[in-house]
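Let's see this in three dimensions:
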Amino acid sequence: MADSPTQKTRFKNPYGGFWTDLETGLDLLDGRKALGWIDDDEADLLAQWISQGYVIIPQAVPGAVVDSVNREIGRVLEAQPAVCRTSFWRDGVKHWEAAAREHMQEEEAKLLDLHMVSEAARQAIFSPPVHRFLTLVFERLPVAFQSLAFENGSQQPTHCDVAFVHVDSPREFIASWIALEDIRPGSGELHYYPGSHRLPDVTFADGNIWASGDLSDYSAKLDKAATAAGLRLQRFTPGKGDVLLWSSGLYHGGTRRTRPDLTRKSLVTHYCPQGRHPHPPVSPGRIHATRHQGFVCAESTPLMSV
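Numbering: from 1, shown residues only. Sure, this is the predicted structure:
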């Protein structure tokens, strides 16, 4: 009888992921480089992605585009009638309301889905360096299905997007964080644990990896798990136009604001490959091709179509 195979190709996570999440990811990377599909710089970025779960692309969005996005945010916050929504916490209650400038000073305030009503936002989130990296990992065209614009640091405790951003294949999406200004220490800058995307997903009381039930100790569990794994927290203080991209499994959050006079203007976007589906389900009529070789759809319905 012939011997059985000695190796099986596996994903590091039971929910799968991209080719970069396979145990053979580095071998596949070497093959792509040998075939001339990627250059040396792209190979270095992908190697970091595989091992650390994030990459930083300096000046990925030109300053003029960033300026246009900031103007668009101002326009949307002043629009009457409102064309987008904001979400925020007040007195322990989560609110979703028609966008207004005063909401942006509330706790964890976000302007939702700017990309659905702003060509400047679409130009930023699909900037050529970002688009190129997404397609290298996805091997399909990207779909931007949610965006969040911030005026101030969120101060949101450590969390993992898998638990709160629902995609039918929960390890098949990526987030980007675009600095809309130079970010300074004390502004509530983004923090993250490099390598935490390799840690097991948290399972909640119902047995699911999507958040449910009592979340009071959720963030503390993540911080404890990362520390136990020997991971060290890093803070992101980028320049205007710099972009951080991270895996859906990366632990991240917002540091405490120690300088209330400082803003932390930024635009976050969640992307999945064409063919994957965010939840709640998005009707095909709300998925639109862009001029940037990608698609946009909205998880939280904007008040105005594209």
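
Is the residue sitting nearest the centre point of the chain bridged to anything, and to what?
The chain has residue 175 as the residue nearest its centroid, 1.8 Å off, counting by C-alpha atoms, centre = their mean. Taking DSSP bridges, one finds residue 246, residue 270 as the beta-bridge partners of residue 175.

Next, the contact list for it, please.
Contacts for residue 175 (C-beta atoms under 8 Å, 6 or more residues apart in numbering) come out as 161, 165, 245, 246, 248, 268, 269, 270, 271. Heads up, the C-betas are built off the backbone N, CA and C, glycines and all.

what's the answer for residue 193, then?
158, 226, 231, 232, 233, 234, 250, 251, 252.

pLDDT for these - can I get that in JSON lines?
Listed next are the contacts of residue 193 as JSON lines, based on pLDDT from 0 to 100:
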{"residue": "158", "pLDDT": "97"}
{"residue": "226", "pLDDT": "98"}
{"residue": "231", "pLDDT": "98"}
{"residue": "232", "pLDDT": "97"}
{"residue": "233", "pLDDT": "97"}
{"residue": "234", "pLDDT": "97"}
{"residue": "250", "pLDDT": "98"}
{"residue": "251", "pLDDT": "98"}
{"residue": "252", "pLDDT": "98"}
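
Name the next helix or strand downstream of the helix of greatest length in the chain, please.
Counting residues, the longest helix in the chain under DSSP state H turns out to be helix 63-78. Note on helix 63-78: by DSSP states H and E, the next helix or strand toward the C-terminus is strand 85-90.

Buried residues of that following strand, list them for me.
For strand 85-90, burial by neighbour count (16 or more other C-beta atoms under 10 Å) applies to 85, 86, 87, 88.

Beyond the helix or strand of the chain with the lowest mean pLDDT, next helix or strand please.
Of the helices and strands making up the chain, the lowest-confidence element is strand 288-289, at a mean of 92, by mean pLDDT, DSSP states H and E. Next in sequence after strand 288-289, counting helices and strands by DSSP H and E, comes strand 295-296.

which residue ranges form the helices in this protein?
25-34, 40-52, 63-78, 119-125, 128-138, 161-164, 218-228.

what is the rounded mean pLDDT of the fifth one?
Mean per-residue pLDDT for helix 128-138: 98.

ok, and for that helix, which residues are buried?
Quick answer for helix 128-138 (16+ other C-beta under 10 Å): 130, 131, 133, 134, 136, 137, 138.

same thing with the last one?
By neighbour count on 16+ other C-beta under 10 Å, the buried set for helix 218-228 is 218, 219, 222, 223, 225, 226.

quick one: which of the residues you listed is nearest to residue 280?
residue 218 (22.0 Å; C-beta to C-beta).

what lines up beside the least confident helix or strand of the chain in the sheet?
strand 295-296 (antiparallel).

what does the partner strand rub up against?
115-116, 122, 141-145, 274, 287-290, 306.

if we can go back for a sec, is it possible to get a markdown table of the buried residues of strand 85-90 that adds pLDDT and distance to residue 61?
Formatted as a markdown table, the buried residues of strand 85-90 follow (pLDDT from 0 to 100; distance: C-beta to C-beta, whole Å):
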| residue | pLDDT | distance to residue 61 |
| --- | --- | --- |
| 85 | 95 | 24 |
| 86 | 96 | 23 |
| 87 | 95 | 24 |
| 88 | 95 | 26 |
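
and the two most separated of the residues you listed?
Farthest pair in those, by C-beta to C-beta: 85 and 88, 10.3 Å.

Pick the one among the contacts of residue 193 closest to residue 197.
Closest to residue 197, out of all of the contacts of residue 193 and judged by C-beta to C-beta, is residue 250, at 4.7 Å.

Just give me the neighbour total for residue 255.
By other C-beta atoms under 10 Å, the residues close to residue 255 number 20.

let me redo that: residue 166
Neighbours around residue 166, by other C-beta under 10 Å: 17.

With residue 145 instead?
Neighbour count for residue 145, taken as other C-beta under 10 Å: 25.

any idea how far residue 269 is from it?
9 Å (C-beta to C-beta, to the nearest Å).

Could you list the low-pLDDT ranges of the stretch 201-306 of the chain?
Along the stretch 201-306 of the chain, the model assigns pLDDT under 70 to residues 298-306.

Tell me which stretches of it form strands.
234-235, 243-247, 251-254, 266-273, 288-289, 295-296 (DSSP state E, counting those that start in this stretch).

For the ones you listed, give me TSV that also has mean neighbour count and distance to residue 46.
Conversion of these to TSV gives the following (neighbours: other C-beta atoms under 10 Å; distance: least, C-beta to C-beta, whole Å):
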stretch	mean neighbour count	distance to residue 46
strand 234-235	13	20
strand 243-247	25	11
strand 251-254	23	20
strand 266-273	24	16
strand 288-289	12	27
strand 295-296	22	23
